[in-house]
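Q: Here is my input; please provide its structure:
(chains A and B)
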Amino acid sequence: MQIENFRAMNSQMVLVAEGEASQVRFGLAAAQEFMEAGEKRFTRFSEYSELARLNRSAGSWFAASADLFDVVREAQAHFHRTHGLFDPSILPDLQNAGYVHSMDEIRRIGSAPRPARPFQKFASGFESVELNENTRSIRLPEGLQIDLGGIAKGWIAERAARLLSRYTSSCAVNAGGDMFLIGRPPGKDCWEVGLEDPRDPQTDISVLLLQEGAVATSSVVKRAWKQGQLSRHHLIDPRTGEPANTLWLSVTVLAAHAVTAESFAKAFLIADENEARQLGRQNPELTVLAVDKAGNLISLVQARESSYVHD
Amino acid sequence: MKIWKSIIRIWFTLASLGSFFLGWIVLAHAPKPNQFNPASLASMPKLDPVPSVDQIMNEGQSQSFFRASPRRLVLRSGGS
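A: Next up is the predicted model:
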C-alpha cells in the first residue's frame, strides 16, 4: 500500500493506493497533478482562476471548461435537492463574515478583517444561474458571485480517485475530509475511516468500516476564526446570510458520489430538526451521522442498503 | 628451476610457522576479556525494585500499563 501526502486547497490531501509499484507511482503522480490543476481552476483566492473569471463575467454568458461546467451543473442539481440549504451563491455573506483570505492565511494573521463596506446580497439566487449544454456556457445573474469550495473539493476527490484506479487495484483519495474509496484494501473487507472528534481533532470519535463510495464531513469548528469579538465559521445559512447556528458540531454523509456527500453534509448541518427529517425522508439512500455539542455520535439517517459499520 | 621451487616451498613453510607462533605469543600476552574490575561497579545504575502484579492491579495510576495506545488511521474525515 503506497501513501502520498501533500497540501492543496488549504487542506491535507492523502492518496492511498495498492497495486504494481511502478504503476501505482505513476497513478499517484497523475492524481496529484490533477488535484493541483483542479485547485488552480476552482479557487476563489486567485483572480486568475477560471472561477474568478466566471464571477467577473456575471451578467453575460461565459464559455466554461468541461470541468467547471460539470461542477456548476452538479452544484445546481444539489441546490434543488437540498431545497436551497446548499447554496454556492453565499459568497458575499462569507466575505462579510471575514472569509476573504484562504484559511491558511487567516490562521497566520490570527483574525479576519471586517470588510470596508458590506458586500451586497442580491435578490436573485443560485436558481437563476443559466446553463447552456450545447455551447457549454454559464450565465450568472448580474451581481451574483459563487464559491464552489466544498463541492469542487468533493468533485476533485472523486475524479482523482477514478483516475488513480486506472493504475491500481484499489485506492482512496481524501481531500481534507472529502473522500472517495474504490475497491478494497489488500487482505481486508473494507476501508477503515476515522471519524474525527470535532472537540478534539487529534482523536477519532469512531471508526467507520466502509465499502466503495464517498464520505464527506462538514464541521463548524474546522474552519473557524475571530472577526473582532465575534466567533465566525464558514458554514453560512443562506436564509440569514450569517454563519449558521447549528444543532450539531459536525455532520458526516456517506453517499455514492462525493458531490452528493459534500452538499448534503452542509445541508444537514444547517437544517433545523424538521428540515433534517424531510431531507432524510427524501434521500433514503444516504447515511447521515452527526456529532452533537456533548460529543455524542448520532445516526440521523441510516440507508436501507447500508454499507457501513462503526465501532 | 627445481632449486627455486624448493626455496619457495621452504620460504612459505617458515613464514607460516613464524606467523602462527607470533600470533600465539601476542594473544598469550593480551589482556583477558571479562576480567573483574571492582571500580566498574560504582558506575552501574541502581534500579527500583520491580512492582508485583498485586501492586500494579491495586494502584489506579498503573492502568496506563494496560491502556491500548490509540490507533492513528491513515484515512480520517473531520470536516472541511
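Q: going forward, measure contacts and count neighbours with C-alpha atoms only.
A: OK.
Q: you'd agree residue A:240 is in a helix?
A: No - read with DSSP: H, G, I helix; E, B strand; the rest coil, residue A:240 is coil and lies in no helix.
Q: pLDDT score assigned to it?
A: Looking at residue A:240, its pLDDT is 85.
Q: cool, residue A:9 as well?
A: 86.
Q: all helices of the chain, in order?
A: Looking at chain A here, since you left the chain open. A:21-42, A:50-56, A:66-81, A:91-96, A:103-109, A:149-165, A:258-270, A:273-282 (DSSP state H).
Q: that's the wrong chain, I wanted chain B
A: For chain B, the helices defined by DSSP H occupy B:2-29, B:53-58.
Q: Now do the longest one, average pLDDT.
A: Averaging pLDDT along helix B:2-29 gives 93.
Q: What helices and strands are in contact with that helix?
A: Packed against helix B:2-29 by the contact rule (3 or more CA pairs under 8 Å, 6 or more residues apart in numbering or on different chains; DSSP states H and E) you find no helix or strand.
Q: quick revisit: so can I have CSV of the helices of chain B showing mean neighbour count?
A: Shown next, in CSV, are the helices of chain B (neighbours: other CA atoms under 10 Å in any protein chain shown):
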stretch, mean neighbour count
helix B:2-29, 10
helix B:53-58, 10
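Q: Could you list the buried residues of stretch A:62-69?
A: Buried residues in stretch A:62-69, defined by neighbour count with 16 or more other CA atoms under 10 Å in any protein chain shown: A:62-64, A:68-69.
Q: ok, for the residue nearest the centre of chain A, nearest residue in space, not its chain neighbours?
A: Geometric centre of chain A, nearest residue: residue A:150, 2.7 Å, by CA atoms, centre = their mean. Closest residue in space to residue A:150, ignoring its immediate chain neighbours: residue A:262 at 6.6 Å, by CA to CA, 6 or more residues apart in numbering or on different chains.
Q: what about the one you found, distance to residue A:232?
A: Residue A:262 is 21 Å from residue A:232, where distance means CA to CA, to the nearest Å.
Q: Compare these two and say which is more crowded by neighbours.
A: Shown here are residue A:262 and residue A:232; by other CA atoms under 10 Å in any protein chain shown, residue A:262 has more neighbours (33 against 24).
Q: Make sure residue A:4 is actually in contact with residue A:18.
A: No - using CA atoms under 8 Å, residue A:4 is not in contact with residue A:18; the gap is 11.8 Å.
Q: In terms of packing, which of those two has more residues around it?
A: residue A:18 (22 against 14).
Q: got a pLDDT number for the residue nearest to residue A:113 when sequence neighbours are not counted?
A: Using CA to CA, 6+ apart and skipping residues adjacent in sequence, the residue nearest residue A:113 is residue A:98, 5.5 Å away. Here the pLDDT value assigned to residue A:98 is 76.
Q: Can you give me the neighbour number for residue A:98?
A: With other CA under 10 Å as criterion, residue A:98 counts 22.
Q: Looking at the buried residues of stretch A:62-69, which is nearest residue A:126?
A: In terms of CA to CA, no member of the buried residues of stretch A:62-69 lies closer to residue A:126 than residue A:69, at 14.5 Å.
Q: Can you give me the distance of the closest one to chain B?
A: Separation of residue A:69 from chain B (CA to the nearest CA, to the nearest Å): 23 Å.
Q: Check residue A:235 too.
A: Distance of residue A:235 to chain B, computed by CA to the nearest CA: 10 Å.
Q: now residue A:219
A: Remark: distance between residue A:219 and chain B (CA to the nearest CA) = 5 Å.
Q: same question, residue A:274
A: Taking CA to the nearest CA, one finds residue A:274 at 23 Å from chain B.
Q: Tell me the confidence at residue A:186?
A: For residue A:186, the pLDDT comes out at 86.
Q: ok now do it, which residues does it touch?
A: Residue A:186 sits next to A:1, A:18, A:170 when contact means CA atoms under 8 Å, 6 or more residues apart in numbering or on different chains.
Q: from what I can see the first one touches residue A:18, true?
A: Translated: residue A:1. Yes - contact criterion CA under 8 Å: residue A:1 and residue A:18 qualify, at 4.6 Å.
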